[in-house]
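Q: sequence? don't have it. structure:
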């Protein structure tokens, strides 16, 4: 059973997101390809808006350790993510087609 939220209720770092309409809170698996500035805000937003048990798979050219350091520098502790589980895959070591075969089978 998905929870209905008003978009004006979604808040990241004191900024209101998606003001004015309705969003449906849903559970799922999300794929993020690459790494960019502002990823802390994206992960906070996903954590605030996705249903408990959702997964975010990050395919990036940085290590999980580098990711954690960058996010910690912006005040985001990965252990505080309550709704989402973040799975990190280094693109250097992980073939995208292999990831798709193993992940999308479920």
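A: It's in. Computed from a predicted structure; not experimentally measured. Numbering: from 1, shown residues only.
Q: Would you map the helices across the chain?
A: Here the chain has its helices, by DSSP state H, at 39-49, 64-73, 96-103.
Q: Would you reformat these as CSV and include mean pLDDT and distance to residue 26?
A: (Each C-beta comes from the backbone N, C-alpha and C, glycine too.) Formatted as CSV, the helices of the chain follow (pLDDT from 0 to 100; distance: least, C-beta to C-beta, whole Å):
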stretch, mean pLDDT, distance to residue 26
helix 39-49, 91, 9
helix 64-73, 92, 24
helix 96-103, 70, 18
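Q: most tightly surrounded among the ones you listed?
A: Comparing those by mean neighbour count (mean count of other C-beta atoms under 10 Å), helix 39-49 ranks first with a mean of 18.
Q: who are the neighbours of that helix, in terms of helices and strands?
A: strand 11-12, strand 29-33, strand 54-60, helix 64-73, strand 84-90 (3 or more C-beta pairs under 8 Å, 6 or more residues apart in numbering; DSSP states H and E).
Q: In terms of secondary structure, what does the third one contact?
A: What it means is strand 54-60. Contact analysis of strand 54-60 by 3+ C-beta pairs under 8 Å, 6+ apart lists strand 29-33, helix 39-49, strand 84-90, helix 96-103 as its packing neighbours.
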